[in-house]
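Engineer: Sequence first, predicted coordinates after that:
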Amino acid sequence: MQPSRRPADTPFKQQRLNAWQPILTPTWVISTFLLIGIIFIPVGITLLSQSNNVAEFIYQYDGKGAKTEVDCAITANNEGKLHEDCKPLDKVTVAGTDPAVELLLNPCGLIANSMFNDKISLSTGQAWTMDETNIAWESDVNDKFDNPEAFKQEACECPTGTGSTLPDCTTLCGGAYTCGGPTGVTSGLAWEDTSTSTCYAYDYPNDDTTQYLYESYPLIVAPAG
């Protein structure tokens, strides 16, 4: 007689194991999320604290300076204060009695204008050059801060018909506005693109080829004049 190939009469081999079918009641779900939070929130706080306390030591062992194009990151720790009293960008519509004379203007303003005119220099008096072109994101220039589709440059023409345009900032309704908008002023676009963090870095490409030692250089920020 050939041995039987029938599986043994056990719950496992005969597929009679009891199935576990949890019922997702509110109490069960809330308890599970609370347990996960109790476990992972302290872990996340610990990891964040350790990450913020990392000390970075930079040592230049060759004693020579770098002679190349470098980026200068200017960090503002009071980014929130800069935008506390005014919006960095707000598009308004000035409507007249005739819809044909409706104008779309972008704000200029004192705070933004003072930011654009800041002059940055080394406290040591050493001469250097700084290029502020192409420091804004391409998406900000072409999309986010571009002039609206209804914008018409001819609306800013002087009445004399000479082809010249109005000044950069025109006083209107108690505020200062610009017909040309912020397009092209990349330093202004960098200021308008607010950050969600308390620390924000404005990148300025430096095309100076002077050989500088790798060390800290205090900067002086003053209004241009």
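Structural biologist: The structure has been received and is ready for your questions.
Engineer: Below-threshold pLDDT in the chain: ranges please.
Structural biologist: For the chain, the stretches with pLDDT under 70 are 1, 58-120, 127-133, 145-217, 219, 221-225.
Engineer: Enumerate every residue touching N53.
Structural biologist: Not one residue lies near N53 by CB atoms under 8 Å, 6 or more residues apart in numbering. Where you see a C-beta, it was placed from the backbone N, CA and C, and this is true even at glycine.
Engineer: L48: what's it in contact with?
Structural biologist: Contacts for L48 (CB under 8 Å, 6+ apart) come out as none.
Engineer: That one and I41: what is the separation?
Structural biologist: L48 sits 11 Å away from I41, taking CB to CB, to the nearest Å as the criterion.
Engineer: same check, this time on T27
Structural biologist: Computed as CB to CB, the T27 to I41 distance reads 21 Å.
Engineer: what about A136, how many residues close to it?
Structural biologist: 25 (other CB atoms under 10 Å).
Engineer: E56 now?
Structural biologist: 4.
Engineer: hmm, who's touching stretch 2-15?
Structural biologist: L17.
Engineer: end-to-end on that stretch?
Structural biologist: Taking CA to CA, to the nearest Å, stretch 2-15 runs 25 Å from one end to the other.
Engineer: same deal with stretch 11-24?
Structural biologist: 27 Å.
Engineer: Please apply the same query to stretch 11-23.
Structural biologist: Using CA to CA, the end-to-end distance of stretch 11-23 comes out at 24 Å.
Engineer: quick one: buried residues of it?
Structural biologist: When burial is assessed from 16 or more other CB atoms under 10 Å, stretch 11-23 yields no buried residues.
Engineer: Please go through this structure and pick out the longest helix.
Structural biologist: The longest helix of the chain (DSSP state H) is helix 26-52.
Engineer: Pull out the buried positions in that helix.
Structural biologist: Going through helix 26-52 with 16+ other CB under 10 Å, nothing comes out buried.
Engineer: what about A136, which SS state?
Structural biologist: Look at A136: counting by DSSP: H, G, I helix; E, B strand; the rest coil, its state is coil.
Engineer: Please report how far it lies from P218.
Structural biologist: Separation of A136 from P218 (CB to CB): 26 Å.
Engineer: And P26, by the same measure?
Structural biologist: Taking CB to CB, one finds P26 at 59 Å from P218.
Engineer: Tell me, how many residues neighbour V141?
Structural biologist: The local packing of V141 (other CB under 10 Å) involves 17 other residues.
Engineer: Same check on L122?
Structural biologist: For L122, using other CB under 10 Å, the count is 13.
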